[in-house]
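1. Please find the sequence and the predicted model below.
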Amino acid sequence: MYRDAVANYHKAELGDPTRVLFLRPSQLPFCPVDFFIQNAMHGTVRTLDFGGCFYTRVGTVVHEVMQQALCLSGKFLANYECKECGTMHELSYKYECCGFPTVYHELSINYKGISGHIDAVYRGDDGKFYILDFKTTGIAAAPKKAKDPGIVYVEQIEAYAVLLELQYKIPIEGIMDAFILRDNPNKDPAVFVKKLTDENRTVIKKRLKGYLKMHAAALDASTLEEALELVEYPRCKNPYCPVCKLPEKTLRAEIKKAYRNGKAAGHVPIRGMAERAVAAKKKRRSK
Ligand SMILES: [Zn+2]
Ligand SMILES: [Zn+2]
């Protein structure tokens, strides 16, 4: 029964349509082809398999526990909400108010079409700020993760660092990925640390600009020609990308299939679909 669940279980849910309209650091390196195919085929419906459900939930729990426990150090810059007096202590270290622990709220990024949340902004003993992402890993993989967490995690946290600087005007000294050990959280996490240099900043900003352009092209592709033009962007650097390793011919065939399906289902252009879903959601709420 268990094996059957692992092999066959799928959970479908309606994703938040506003998320489609913004570039999100968690989806970097951005792949316009994968983005187009997924949204054209499935609209705003997201499906997770057994492992996907498991790791997503584990990740949520780890974030909650880390944020609740670590913010008591007074070194985590965030928004803290007091449930007693109702005050939102914005951009503070106020982990306690009215004699009770406050609720930790991640700083949100909303900058020129890019949207997301930052796990933690840590103020080191040197008084400088570091962006921190919480990830989980097994003990066996931990040493490797600390050395090289992979392009997906690095691009994500680099984007957060630069966007935080731009939006909040807080200078960031470095980026950190803390890999909490799933199989033994009592042991120290493996930590990847990197200093943020001006050279990095220039590269990261340029990369984000490129992704924004690709994201807009994928959102607005409304003819088959426009959809096929997405292939002309360089293949994405995500080693887990389901489409970029396909031969060009197969890739084009996949786009064609997604385009036909998306047109018939009203998912293409993707921006139109997402905007209608957002409007419908608003209408449901106001009822
Ligand atoms: Zn209070
Ligand atoms: Zn790709």
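-> Thanks, I have it. Ligands and ions are numbered 1, 2, ... in the order given.
2. Now do the same contact list for Lys237.
-> Contact partners of Lys237, counting by Cβ atoms under 8 Å, 6 or more residues apart in numbering, are Pro29, Ile151. Where you see a C-beta, it was placed from the backbone N, CA and C, and this is true even at glycine.
3. wait, is it part of a helix?
-> No. According to DSSP: H, G, I helix; E, B strand; the rest coil, Lys237 belongs to no helix; its state is coil.
4. The top helix by length along the chain and ligand 2 in contact?
-> Longest helix of the chain, by residue count under DSSP state H: helix 198-220. No. With Cβ under 5 Å from the ion as the criterion, ligand 2 is not reached by helix 198-220; the gap is at least 10.4 Å.
5. What lies in contact with that helix?
-> The contact list for helix 198-220 (Cβ under 8 Å, 6+ apart) reads 20-21, 23, 28-30, 32-33, 35-36, 39, 112-114, 155, 158-159, 161-163, 165, 226, 229-230, 233, 269-271, 274.
6. Next, the contact list for whatever residue of the stretch 101-250 of the chain ends up closest to ligand 1, please.
-> Distance from ligand 1 to each residue of the stretch 101-250 of the chain (Cβ to the ion) is smallest for Thr102, at 7.4 Å. Residues near Thr102 by Cβ under 8 Å, 6+ apart: Tyr80, Glu81, Cys82, Lys83, His89, Lys94, Tyr95, Glu96.
7. contacting residues for the last one?
-> Contacts for Glu96 were tallied using Cβ under 8 Å, 6+ apart; they are Thr102.
8. who does it bridge with?
-> Beta bridges link Glu96 to Pro101 when assigned by DSSP bridges.
9. Could you check how many residues crowd around Ala69?
-> Neighbours of Ala69 under the rule other Cβ atoms under 10 Å: 9.
10. oh, I was asking about Ala258
-> Neighbourhood size, Ala258 [other Cβ under 10 Å]: 22.
11. Any part of the helix or strand in which it is found near ligand 2?
-> According to DSSP states H and E, Ala258 maps onto helix 248-265. No. Helix 248-265 stays clear of ligand 2 (Cβ under 5 Å from the ion), getting no nearer than 9.4 Å.
12. quick one: contacts of that helix?
-> If you take Cβ under 8 Å, 6+ apart as the criterion, helix 248-265 is touched by 33, 36-37, 39-41, 43, 224, 227-228, 230-231, 243-244, 246, 267-268, 270.
13. And the next helix or strand past the helix or strand harbouring Val20?
-> Following DSSP H and E, one finds Val20 within helix 17-21. Later in the chain than helix 17-21, the nearest helix or strand by DSSP H and E is helix 32-42.
14. what does the average pLDDT come to for stretch 181-194?
-> Across stretch 181-194, the average pLDDT comes to 95.
15. which residues sit against it?
-> Here stretch 181-194 makes contact (Cβ under 8 Å, 6+ apart) with 58, 62, 130, 136-139, 142-143, 145-149, 153-154, 174-180.
16. Only whichever of those residues are buried, select them in PyMOL.
-> Of those, the buried ones can be selected in PyMOL as follows, counting by 16 or more other Cβ atoms under 10 Å:
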select buried, resi 62+130+136+137+142+145+146+149+153+154+174+175+176+177+178+179+180
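17. Take the contacts of stretch 181-194 and keep only those in helices.
-> Within these, residues falling in helices by DSSP H are Val58, Val62, Ala142, Pro143, Lys145, Ala146, Lys147, Tyr153, Val154.
18. Grab the two from those that are most spread out in space.
-> Greatest spacing in the ones in helices among the contacts of stretch 181-194, by Cβ to Cβ: Val58 and Lys147 (23.1 Å).
19. if we can go back for a sec, buried residues in the helix holding Ala258?
-> Residues Leu251, Glu254, Ile255, Ala258, Tyr259, Asn261, Gly262, Lys263 are the ones in helix 248-265 that count as buried (16+ other Cβ under 10 Å).
20. wait, which of those residues is closest to ligand 2?
-> Of all the buried residues of helix 248-265, Leu251 has the smallest distance to ligand 2: 9.4 Å, by Cβ to the ion.
21. remind me which residues of the stretch 1-150 of the chain are low pLDDT?
-> Applying pLDDT under 70 to the stretch 1-150 of the chain picks out no residues at all.
22. mind running it again at 90?
-> Scanning the stretch 1-150 of the chain for pLDDT under 90 picks out the ranges 13-19, 44, 46.
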